[in-house]
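Novice: okay, here's the prediction I keep looking at, along with the sequence it came from:
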Amino acid sequence: MSTPAPRKGLSRRGFIAAVGVAGGGLAIGWAIQREVSSRRPAPVAAIDAQGRLQLDALLRIAPDGRVTIVSKQSEIGQGIKTALPMVIAEELEVPWKDVVVEQGDLDARYGKQFTGASMSVRHNYDAFRRLGATARTMLVDAAAATWGVAASECQAASGAVQHRSSGRSLAYGALVAKAATLPVPTGRAVKLKKPEDFVLLGTRVPGVDNHAIVTGAPLFGIEERPVPQSTVPGEKTSPTQPFTVKPPPLARISMKKSELPTTISPEHTAYCAALWDKYKLQDSVPYTPWKLNQDIVMFPGAIGGGNWNGVSYNKKLGLIITNVMNAGQWGHLEEVK
């Protein structure tokens with residue numbers, strides 16, 4: 001079974017006080033990890049004033065009924081960005097059309113995020129089912145308290161809670177504020193659905209990113225962007241290169257005069273600017289090819305070579321020309337006749 005890592009320095013009361021109880025949506029979640037301990041996770045719930053995930057929240061229900069589920073494992077083509085949220089949505093009794101899936105960043109709040117060996121669903125299935133069922137139980141309790149009836153007289157279905165005998169119904173969105181004021185159900189109070197009652201799991205559901213993929217939306221960690229072209233006769237430069245988008249690059253080895261450091265001293269900045277002008281250094285951005293008969297300055301970086309300095313192809317010589325370095329360089333390209 002999935003159990004939580006120990007939490008230090010933050011009580012449930014402290015968490016609720018920290019995030020506040022005003023406007024927004026119901027956020028509920030816990031760090032879901034696979035540990036040796038048999039202790040159950042201690043879920044927390046509160047109203048998020050900004051409608052954003054707080055701490056280790058994986059599930060958010062907004063007043064308009066929209067349900068946002070975070071997929072904490074990495075989506076690398078195997079479909080878990082769709083599969084894992086389906087597990088929560090099944091137990092929550094919410095229509096898939098009302099679910100918005102967010103890809104979780106790398107963050108310790110989510111617990112272990114190792115992705116591989118076909119373990120993502122197996123390691124999270126039980127805990128994700130219980131998370132969805134906990135949220136469903138909270139909403140049923142909220143509706144029962146609102147109507148003054150027993151929770152056993154109510155049932156959740158299609159994003160709403162219904163009172164069987166009277167036919168009354170309240171949508172999930174109308175219940176989030178009330179639910180946040182009630183104790184979070186635990187243990188046997190949270191009942192999982194029987195597999196034969198599943199309405200979402202086992203059905204064919206398109207990947208949540210399918211449309212973005214086929215339409216070329218900016219979905220991935222790299223994207224092709226135009227880059228400066230070589231001005232050296234006989235060289236041809238690729239019109240685009242892959243730029244890292246998320247996470248951003250940790251370093252770069254090319255620069256422009258406007259990027260000279262200003263944090264050391266005014267004299268230092270002036271000295272560097274004077275050298276730049278004296279040697280007519282070439283302004284450079286990522287993938288800038290060296291210009292003929294002009295100096296360029298670059299700094300140490302482990303992401304050199306074709307990644308950041310630019311790659312040129314000399315058709316006459318049949319050579320790909322690039323630069324890889326582990327020390328700062330002052331470069332000069334000169335034609336030899």
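Specialist: Looks like it came in fine. Keep in mind that this is a model prediction, so the values were computed, not measured.
Novice: what about the nearest residue to Trp290 once chain neighbours are set aside, distance to Val140?
Specialist: By the measure of Cβ to Cβ, 6 or more residues apart in numbering, the closest residue to Trp290 outside its immediate chain neighbours is Leu333, 4.2 Å from it. The way it works is simple: take the backbone N, C-alpha and C, and place the C-beta from them, glycine included. According to Cβ to Cβ, to the nearest Å, Leu333 stands 72 Å off from Val140.
Novice: the residue nearest to Trp290: what's it in contact with?
Specialist: Shown in contact with Leu333 (Cβ atoms under 8 Å, 6 or more residues apart in numbering): Val232, Trp290, Lys291, Leu292, Asn293, Gln294, Ile296.
Novice: looking at those residues, spot the one nearest Ala273.
Specialist: Ala273 has its nearest neighbour among the contacts of Leu333 in Ile296, at 16.0 Å by Cβ to Cβ.
Novice: assumed that closest one was part of a helix.
Specialist: No - secondary structure of Ile296 (DSSP: H, G, I helix; E, B strand; the rest coil): strand, not part of a helix.
Novice: can you check what pLDDT the model gives it?
Specialist: Note on Ile296: pLDDT of 82.
Novice: measure it to Lys280 for me?
Specialist: From Ile296 to Lys280 the distance is 10 Å (Cβ to Cβ).
Novice: looking at the two now, which is surrounded by more residues?
Specialist: Taking neighbours as other Cβ atoms under 10 Å, Ile296 and Lys280 compare with Ile296 leading, 22 against 9.
Novice: thought Arg225 was touching Val285?
Specialist: No - with contact defined as Cβ atoms under 8 Å, Arg225 does not count as touching Val285 (10.3 Å).
Novice: which stretches of the stretch 201-337 of the chain form strands?
Specialist: For the stretch 201-337 of the chain, the strands defined by DSSP state E, counting those that start in this stretch cover 222-226, 235-237, 240-244, 294-298, 312-314, 319-321, 329-333.
Novice: Lys81 reaches Asn210, doesn't it?
Specialist: No - contact criterion Cβ under 8 Å: Lys81 and Asn210 do not qualify, at 10.7 Å.
Novice: between the two, which has more neighbouring residues?
Specialist: Lys81 (24 against 10).
Novice: by neighbours, which of the contacts of Leu333 wins?
Specialist: Going by other Cβ under 10 Å, Trp290 tops those with 24 neighbours.
Novice: am I right that that one is in contact with Ile296?
Specialist: Yes - counting by Cβ under 8 Å, Trp290 sits close enough to Ile296 to count as a contact (5.7 Å).
Novice: skipping its backbone neighbours, what lies nearest Ala177 in space?
Specialist: Ile47 (6.6 Å).
Novice: list the beta-bridge partners for the one you found.
Specialist: Leu26 (DSSP bridges).
Novice: that older thread, and of the contacts of Leu333, the nearest to Glu153?
Specialist: Ile296 (76.5 Å).
Novice: so what's that closest one bridging to?
Specialist: Applying DSSP bridges, one finds that Ile296 bridges with Gly331.
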